[in-house]
Each structure stands twice: as structure tokens, then as C-alpha cells.
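Visitor: curious how this folds, go ahead:
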Amino acid sequence: MSSAKQVTTSAFELSASERLLKFLEGHGLKSKPIVPLTPDASTRNYFRIPWKTGEAVAAVYPEPFDPEFHPYLDVTRLFLDNGIPVPEIYAVEGQRGIIVQEDLGDRQLFRVYEAAPDEECDEYKERAINLIARIQKATEQAYAKQSITSRLAFDEPKLSWELDFFVEHYFGSLRSETLRHAEAAELKAELNDISAELAARPRALCHRDFHAANLMVDSNNHLRVVDHQDARMGPVTYDLVSFLLDRRSEPPSLAELRAYRLLLLEERRLLGLDSLDPDEFAREFQLMTIQRGLKAIGTFSYQTAVCNRGSVYEQFIHPTFCIVLQAADWLDRFPALRRMIRERINPN
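Guide: Numbering: from 1, shown residues only. Okay, here's the model as predicted:
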């Protein structure tokens with residue numbers, strides 16, 4: 001057996017924290033404590049650790065990996081090459097499943113919103129939308145470099161799978177409800193139309209989970225992007241819908257949404273990207289809102305009913321349905337979906 005193979009085998013006989021301590025010992029850093037960090041929903045373990053320049057964050061994966069073909073490292077390289085502010089990578093040891101990266105602190109943008117005045121929140125939102133445009137600007141290079149992101153997409157099977165997940169876990173896991181055959185068929189036809197139409201739209205590079213929990217405000221008050229390993233190609237509106245509408249307690253006004261849509265179009269223009277028709281962009285935005293909102297409700301339902309995490313997730317189901325309904329009403333389409341939502345969020 002090779003020495004490399006021996007390292008891999010022995011490493012995974014140890015827990016994540018034990019593997020990390022062995023790694024730190026090899027860098028002469030074992031004497032200081034490591035602090036576990038709690039991820040939102042991940043198979044990875046995160047720790048704040050001592051490092052040569054102060055502190056760093058270690059991601060410890062459940063299995064070894066090849067650094068040349070690792071999604072997080074691939075997307076990080078692509079983003080850094082395009083000036084998108086993600087954490088710098090300090091060290092990688094694939095055989096032990098460890099990545100050490102820059103520590104951005106604990107100031108998630110959604111927490112900054114809670115204390116900051118409205119003017120400051122508005123400025124952060126504008127800066128975040130600029131980041132969306134900059135990610136889209138990296139589309140051409142993602143293809144040129146044959147990044148993993150260029151081989152993944154929100155295609156029709158992916159979008160349909162997410163909507164099937166919604167049906168399974170909202171109606172089934174959460175409500176223990178079996179839809180009548182005719183009702184299920186009517187809903188399925190409308191959901192298929194949503195997936196097909198969005199899959200046919202022009203694609204750009206998307207972060208995939210671009211929301212205020214995945215944007216950090218660093219010590220210099222700059223916005224930094226995290227949790228970007230699932231980036232892929234998708235509709236141009238995808239990240240904007242995620243940023244403006246994920247985990248909202250109530251639907252924003254249509255005027256607010258229009259203003260931010262126009263801002264993204266302007267940011268794209270300033271970066272030299274193709275111009276897009278504002279009305280067509282608005283229609284795609286509303287269609288994307290329906291798909292992304294239903295996908296999120298599926299996740300909230302699954303986390304509530306299957307994972308017993310309702311204290312965190314259940315609160316978002318009703319307001320997200322209201323957001324989906326607002327978009328469907330704006331489009332004046334999908335009567336079965338609109339009827340079924342209204343019957344369940346306004347049962348009386």
C-alpha cells in the first residue's frame with residue numbers, strides 16, 4: 001500500500017476534529033484551541049482555527065478529495081480570477097479532506113440588516129446586486145476554463161426535480177395530504193410548464209444560493225461571498241430572485257422589485273454585458289420567483305416534517321407562499337397552483 005493511501009485510510013478512522021488536530025500538529029499549530037462552527041445545512045464540519053496569520057476557518061469534509069477537481073476549489077479559483085470577493089484559500093490537504101480558508105468573521109448581511117439604518121441597508125443591497133452582475137460577467141470565462149460550473153445547469157430535469165420535491169414534502173411530509181388525481185395532474189402540468197420555460201431561457205453563471213445569509217460583511221465593511229461551491233448556469237434572474245425573496249417575512253412591493261430589477265440591468269450594462277428587454281426580464285423574474293419559492297417551501301417542509309427543525313424553517317412557509325402567489329397573480333397564469341395555494345393559506 002502506498003504512503004498516500006495509508007494517510008487517507010488512517011485519517012478517516014478519526015473524527016473531523018481529530019483529523020484537523022493532526023493536520024494542525026503538522027503545521028506546528030496544535031497548542032491553540034479549535035472552535036466548532038455550526039453550518040446551516042451541510043455535511044461538512046467547520047472550525048475556527050489558529051493560523052500563521054491569525055485565525056482561519058477549516059472546512060473538514062466527510063471523505064477525501066482531489067483538489068484539482070473539487071467543486072469548492074474550482075469555483076473559488078474562477079471567482080477570484082474574476083474579482084469576485086470570496087475567501088482566500090490558505091491550505092488544502094485532500095487526503096484528509098481539509099480546506100483552510102480566510103476567516104471573514106461572523107457578520108452575515110442579514111444580521112447587519114437588523115441593526116443598520118435603512119440607508120445603509122439599501123447601500124448593501126445595491127452592492128450585492130453589483131456582485132450578481134459581476135458573477136454573470138464571469139460566464140464566458142467559466143466556459144473557457146472548462147470550470148465545473150460550465151457543466152452544471154438549472155436545466156429542465158433539475159428544475160422539475162426541485163418542484164417534485166416541493167410536492168412530495170409540502171403535501172406529503174408536512175400535510176400528510178394525498179391530492180385527488182385530477183388536481184395532481186392539473187398541478188403537474190403547470191409545474192412542467194414552469195420548468196420547461198425557465199430551462200429554455202438564456203443562461204448565465206449563478207451563485208445558486210445568493211442571499212443575505214451567504215454574504216459576509218468583513219472587517220473593512222466590504223461584502224464577501226461564501227457558500228459558492230454549487231455555482232452553475234441558470235436563468236439571469238436566478239440570483240436576484242434568491243437575494244430579494246429568500247426567507248422573507250412578507251412579500252416586498254412590486255415597485256421595490258421593479259427598481260432592483262432595473263438596477264441589475266444597469267449593472268450588467270456598465271459591465272458590457274448583453275442588454276435585456278426590461279419587460280421580458282420582469283416576466284422571467286416572476287416565473288423564477290414561482291419556481292424558486294416552491295423549491296424553498298419544499299425545503300422548509302422537509303426540514304420541518306422530516307428533520308424536526310420546524311422552529312427554524314416553518315415560519316417561512318406561509319410568507320413564501322404569499323410571494324409565489326403574488327408572482328403568479330402578476331403573470332395571470334397557473335390557475336390550479338393559485339387556487340391550491342389560496343385554499344391552503346386561507347382555509348376559511
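Visitor: now Arg258: which helix or strand?
Guide: helix 254-270 (DSSP states H and E).
Visitor: now do the buried residues in the helix or strand just after that helix.
Guide: Going down the chain from helix 254-270, the next helix or strand is helix 278-305, by DSSP H and E. Using 16 or more other Cβ atoms under 10 Å as the test for burial, helix 278-305 gives 281-305. Heads up, the C-betas are built off the backbone N, CA and C, glycines and all.
Visitor: now do the helix holding Arg258 and helix 278-305, the angle between them.
Guide: 110 degrees (axes from the mean of the first three to the mean of the last three Cα atoms, to 10 degrees).
Visitor: just the C-alpha atoms of helix 254-270, please, in PDB.
Guide: The C-alpha trace of helix 254-270 is given here as PDB (Å, rounded to 0.1, in the frame of the first residue of the first chain):
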ATOM      1  CA  LEU A 254     -43.900  45.400  -6.800                       C
ATOM      2  CA  ALA A 255     -42.300  48.800  -7.100                       C
ATOM      3  CA  GLU A 256     -39.300  47.700  -5.000                       C
ATOM      4  CA  LEU A 257     -38.800  44.600  -7.100                       C
ATOM      5  CA  ARG A 258     -39.000  46.600 -10.300                       C
ATOM      6  CA  ALA A 259     -36.400  49.100  -9.000                       C
ATOM      7  CA  TYR A 260     -33.900  46.300  -8.200                       C
ATOM      8  CA  ARG A 261     -34.600  44.500 -11.500                       C
ATOM      9  CA  LEU A 262     -33.700  47.700 -13.300                       C
ATOM     10  CA  LEU A 263     -30.600  48.200 -11.200                       C
ATOM     11  CA  LEU A 264     -29.300  44.700 -12.200                       C
ATOM     12  CA  LEU A 265     -29.900  45.500 -15.800                       C
ATOM     13  CA  GLU A 266     -27.900  48.800 -15.400                       C
ATOM     14  CA  GLU A 267     -25.100  47.000 -13.600                       C
ATOM     15  CA  ARG A 268     -25.000  44.500 -16.400                       C
ATOM     16  CA  ARG A 269     -24.800  47.300 -19.000                       C
ATOM     17  CA  LEU A 270     -21.900  49.000 -17.100                       C
END
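Visitor: what helices and strands are in contact with it?
Guide: helix 118-137, helix 238-245, helix 278-305 (3 or more Cβ pairs under 8 Å, 6 or more residues apart in numbering; DSSP states H and E).
Visitor: any chance of those helices in TSV, plus mean pLDDT?
Guide: Below are the helices and strands packed on helix 254-270 laid out as TSV (pLDDT from 0 to 100):
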stretch	mean pLDDT
helix 118-137	97
helix 238-245	98
helix 278-305	98
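Visitor: closest one to Arg269 among those?
Guide: helix 118-137 (9.0 Å; Cβ to Cβ).
Visitor: neighbours of the residue lying closest to Gln286 once chain neighbours are set aside, how many?
Guide: Leaving aside its chain neighbours, Gln286 sits nearest to Ala327 (4.2 Å; criterion: Cβ to Cβ, 6 or more residues apart in numbering). Look at Ala327: counted by other Cβ atoms under 10 Å, it has 25 neighbours.
Visitor: nothing else from me, thank you.
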